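*Asks:* Dropping the sequence and predicted coords here.
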Amino acid sequence: MSNDTEDTGMIEALLQRLNDFRLPRLLELKERVTGGETLDEYDLEFLAQALEDGHDNQALIDRHPELQALAAKMIALYHEITAKALENETKSQDR
């Protein structure tokens, strides 16, 4: 199997996982932390696994510049969620 064919298959699988699983869960987490909630251990494990997967796929993203804007948006979303979650956690500990 050629590298292009392998990459195409990987990209399709990653986009399907993003669309069907990761993005809906990330948007739910964003809504919760925006509402002032903190994240539980399960949420943090989900974020850690998603970031690890992103790191594991960095070479694929590097080979396909058309994916870089999407990757940047996902990183920004993770940052937004984690920054707000940290803020919420700090506020909850101060009470």
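*Replies:* Arrived safely.
*Asks:* Please make it C-alpha for all contacts and neighbour counts, starting now.
*Replies:* Will do.
*Asks:* where in the chain is pLDDT low?
*Replies:* 1-2 (pLDDT under 70).
*Asks:* for it, longest helix please?
*Replies:* Assignment by DSSP state H gives helix 68-94 as the longest helix of the chain.
*Asks:* So which elements touch that helix?
*Replies:* In this structure, helix 68-94 packs against helix 23-34, helix 58-63, with contacts taken as 3 or more Cα pairs under 8 Å, 6 or more residues apart in numbering; DSSP states H and E.
*Asks:* Using CSV, lay out those together with distance to Glu41 and mean neighbour count.
*Replies:* Listed next are those as CSV, based on distance: least, Cα to Cα, whole Å; neighbours: other Cα atoms under 10 Å:
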stretch, distance to Glu41, mean neighbour count
helix 23-34, 13, 16
helix 58-63, 26, 14
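*Asks:* buried sites along the longest helix of the chain?
*Replies:* Neighbour counts over helix 68-94 (16 or more other Cα atoms under 10 Å) mark 74, 77-78, 81-82, 84-85, 88-89 as buried.
*Asks:* which other residues reach the helix or strand Leu15 falls within?
*Replies:* If you go by DSSP states H and E, Leu15 is part of helix 3-17. When contacts are defined by Cα atoms under 8 Å, 6 or more residues apart in numbering, helix 3-17 is touched by residues Leu60.
*Asks:* again, but for stretch 57-77
*Replies:* 7, 26.
*Asks:* Same check on stretch 36-56?
*Replies:* Against stretch 36-56 from outside (Cα under 8 Å, 6+ apart): 22, 29, 32-33, 78, 85-86, 88-89.
*Asks:* hmm, try it at 7 Å
*Replies:* 85, 88-89 (Cα atoms under 7 Å, 6 or more residues apart in numbering).
*Asks:* Turn these into TSV, columns for distance to Leu70.
*Replies:* Formatted as TSV, these follow (distance: Cα to Cα, whole Å):
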residue	distance to Leu70
Ala85	22
Asn88	27
Glu89	28
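*Asks:* Perfect, I'm done here.
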